[in-house]
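Participant: Let me see the structure of the following:
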Amino acid sequence: MQLNEIAKHLGAHLVGASGSEEIHRIRGIEEATAGDLTFVSNSRYASAAKSTKATAVIVPQDFAHIPAATLRVADPYLGFAKAVALFYRPPEYAPGVHPTAIIHPSARIGKDAHVGPYAVVDAEVEIGEGCVLLPHVVIYRGARIGRNFFAHAHAVVREYCTIGNNVILQNGAVVGSDGFGFAKDAHGAWLKIPQSGAAAIEDDVELQANACVDRASIGETRVKRGVKIDNLVQVGHGSLVGEDTMLCAQVGLAGSTKVGQSTILAGQVGVAGHCTIGDNVIITAQSGVPNDVEAGKTVSGYPAIENKQWLRCVAVFNRLPEFAKLLRAQAATPEK
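Facilitator: Down below sits the predicted model:
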């Protein structure tokens with residue numbers, strides 16, 4: 001594809017090239033060679049842009065001049081995402097039902113569906129048109145699923161759960177697994193609480209590999225429109241995740257957690273049950289959240305506190321041995 005075609009698709013301003021140069025693939029800035037397109041969205045790679053052998057680099061509008069041609073855009077990472085889509089062609093799955101798939105006679109599946117080997121669709125299930133169920137996908141009884149549903153191998157949708165349009169379940173993702181609900185009886189044994197509620201996933205949501213959204217004991221667990229959930233994330237029973245929120249790898253939400261819209265929980269964040277996280281919050285990696293977080297805050301650490309304060313605390317923590325040495329020296333000095 002010619003560079004000027006890519007620039008047009010990205011809405012980019014092309015600098016330092018005629019536009020007739022042929023681009024064959026997208027590569028990282030350090031590995032790229034002639035015929036490659038790369039990008040810079042992180043300042044730590046700015047120096048690598050000066051020496052890259054790539055034919056062209058996607059950069060911010062105000063990026064300094066470099067020897068390679070530049071495609072200048074408002075958001076280089078978004079530009080990179082659009083450029084990758086121009087070159088990558090995922091496998092296509094022709095409509096049809098594999099002979100080893102099992103579909104209950106009462107299930108209703110829309111037109112142009114692809115149902116792969118050993119997939120199982122139980123009774124009273126409804127799935128909209130254009131769905132793709134890859135091998136060993138299991139849809140339990142009574143589930144309701146919208147259009148353009150894409151379930152990778154071994155994804156599971158449990159009984160009576162609802163899923164909107166354009167939802168993607170990566171390998172091993174589970175919607176509607178039992179919530180972790182147990183009550184201790186008089187003899188100290190744990191009695192399982194029936195998880196009678198369902199899980200609801202709205203439009204344009206993606207659950208990545210081995211993520212779990214638990215069903216509720218009563219009521220529902222709901223993941224709202226546009227949410228992106230990374231690998232190995234746990235959404236506890238009765239929780240609510242707001243629109244366009246991102247839960248990164250190994251995030252854990254305990255039961256009845258409420259997370260606002262456009263919020264980011266970075267890797268391994270843990271949130272205690274019954275907490276409310278406001279809109280537009282950022283919680284940095286490995287933070288523990290035992291209390292509510294106001295909208296718009298950036299918090300870190302355990303217990304999570306405002307990020308700027310946490311950074312000051314970390315700076316002091318690193319100096320504790322020095323402070324301890326000074327205190328011991330003062331204690332050993334005789335008073336005059």
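Participant: In terms of helices and strands, where is Ala199?
Facilitator: Taking DSSP states H and E as the criterion, Ala199 maps to strand 198-201.
Participant: Over to Leu311?
Facilitator: helix 307-318.
Participant: got a list of contacts for that helix?
Facilitator: For helix 307-318, contacts defined as CB atoms under 8 Å, 6 or more residues apart in numbering pick out Ile282, Thr284, Thr298, Val299, Ser300, Gly301, Ala304, Ile305. The C-beta positions use only the backbone N, C-alpha and C, and glycine is treated the same way.
Participant: Show only the entries of those residues found in strands.
Facilitator: Ile282, Thr298, Val299, Ser300, Ile305 (DSSP state E).
Participant: Make sure the last one is actually in contact with Val299.
Facilitator: Yes: A contact is recorded between Ile305 and Val299 when judged using CB atoms under 8 Å, the distance being 6.2 Å.
Participant: And the two? Which one has more around it.
Facilitator: Val299 (22 against 16; other CB atoms under 10 Å).
Participant: Surely Gly142 is in contact with Thr162?
Facilitator: No: contact between Gly142 and Thr162 fails when scored by CB under 8 Å: they sit 9.6 Å apart.
Participant: What is the end-to-end distance of stretch 136-148?
Facilitator: End-to-end distance of stretch 136-148: 18 Å, with CA to CA, to the nearest Å as the criterion.
Participant: again but with stretch 179-189, I slipped
Facilitator: Stretch 179-189: ends 18 Å apart by CA to CA.
Participant: So what touches it?
Facilitator: The contact list for stretch 179-189 (CB under 8 Å, 6+ apart) reads 190-193, 195, 214-217, 221, 236-238, 255.
Participant: What about these, which are in strands?
Facilitator: Members of these lying in strands (criterion: DSSP E): Trp190, Leu191, Lys192, Asp214, Thr221.
Participant: from the residues you listed, which would you call buried?
Facilitator: Neighbour-count burial (16 or more other CB atoms under 10 Å) is assigned, among the ones in strands among the contacts of stretch 179-189, to Asp214, Thr221.
Participant: close enough to count as contact, Ala200 and Val227?
Facilitator: No: using CB under 8 Å, Ala200 is not in contact with Val227, being 11.6 Å away.
Participant: Can you spell out the domain ranges of this structure, please?
Facilitator: 3-87, 96-309 (automatic domain parsing).
Participant: possible to save those as TSV with distance to Phe317 and mean pLDDT?
Facilitator: As requested, the domains of the chain are exported to TSV (distance: least, CB to CB, whole Å; pLDDT from 0 to 100):
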stretch	distance to Phe317	mean pLDDT
domain 3-87	25	94
domain 96-309	10	97
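Participant: circling back: distance between the helix holding Leu311 and the chain's centre?
Facilitator: Relative to its parent chain, helix 307-318 has a centroid offset of 28 Å by CA atoms, centre = their mean, to the nearest Å.
Participant: mean confidence for the very next helix or strand once past that helix?
Facilitator: As assigned by DSSP H and E, the chain's next helix or strand after helix 307-318 is helix 320-332. Helix 320-332 shows a mean pLDDT of 88.
Participant: Could you list the buried residues of helix 320-332?
Facilitator: Per 16+ other CB under 10 Å, helix 320-332 contains no buried residues.
Participant: try stretch 263-274
Facilitator: Within stretch 263-274, judged by 16+ other CB under 10 Å, the buried ones are Thr263, Ile264, Leu265, Ala266, Gly267, Val269, Gly270, Val271, Ala272.
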